[in-house]
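**Q** Any chance you could fold what I've pasted below:
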Amino acid sequence: MQVAAFLDGLSALADESHRQKLAYYGIPNESALGVRMPDIRAYVKPFRGEAQLALDLFESDYHEAKLAAGLIYPGKQLSLDQADAFMQGLYSWDLVDQFCSGLFVQAPFAKDLPYLWTPLPAEYNRRSGIVMIACLSMKHKKMPDAELLPYLELVREYIDDERNFVKKAHSWTLRTLGKRSLWLNEQVVNFIEKHWQNEKGEIANWAARDAWKELRDPKILDRLRLKAQRAK
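**A** Okay, the predicted model is just below:
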């Protein structure tokens, strides 16, 4: 009954024009209601921490119900088996990104997930592993920069995967790491040049090239220098 009532309230926030726009962004909208993410976040606040509700919602046919499940499920209760079960049920980039940044990153085993999921062959399984690296960089602010460096080898191993939502995840992750600090920026840029720069000075891989261009932007470098100065 609680699930039905929850879905009734969620459905009341639906906007058909937004549902139509989802397809433009590469999000399957056949089972979507058309509820915007800020509205979902506001709606789920009274339900946060209700694990069983989250599990029931994830089993629902509605796209937004699955998004809500990732916001509601209590991160401190998340087991590796349950994280795997959620991850295996993710079928779009927005679900992957929301679960990784909102739920999976809270888990005590979050740092292991890139190594567990990136080798998996399915597109959204692999995206989950790569995106977790970006989320660790953004959300684990006390994590030493040096602890993020080993993930670059994981990126290098799978960066030739040309599937759209995998290669975009690689680019995003490299850019996120390189914008975390001036030191990491140098490390990521050097790593890219070492492994993908050809004799003409060109970066051969699309994801690496996309990140390399942004990380060398003078505005980004100035911002990182200012950040480093303030930290002293």
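
**Q** For the rest of this, base every contact and every neighbour count on C-alpha atoms.
**A** Will do.

**Q** how would you label residue 225: helix, strand or coil?
**A** helix (DSSP: H, G, I helix; E, B strand; the rest coil).

**Q** And it, how far from residue 182?
**A** Computed as CA to CA, to the nearest Å, the residue 225 to residue 182 distance reads 6 Å.

**Q** Kindly report the same for residue 100.
**A** Residue 100 is 25 Å from residue 182, where distance means CA to CA.

**Q** Compare those two and say which is more crowded by neighbours.
**A** More neighbours surround residue 100 than the other of residue 100 and residue 182, with 27 against 19 (other CA atoms under 10 Å).

**Q** longest helix of the protein?
**A** helix 123-139 (DSSP state H).

**Q** so what does that one touch, helix or strand wise?
**A** Applying 3 or more CA pairs under 8 Å, 6 or more residues apart in numbering; DSSP states H and E, one finds that helix 123-139 contacts helix 80-88, helix 93-102, helix 113-117, helix 164-178.

**Q** If we use 7 Å, what do you get?
**A** Contacting helix 123-139 under the criterion 3 or more CA pairs under 7 Å, 6 or more residues apart in numbering; DSSP states H and E are the following elements: helix 93-102, helix 113-117, helix 164-178.

**Q** contact partners of it?
**A** 87-88, 90-92, 96-97, 100-101, 105, 113-115, 117-120, 165-166, 169-170, 173, 176-177 (CA atoms under 7 Å, 6 or more residues apart in numbering).
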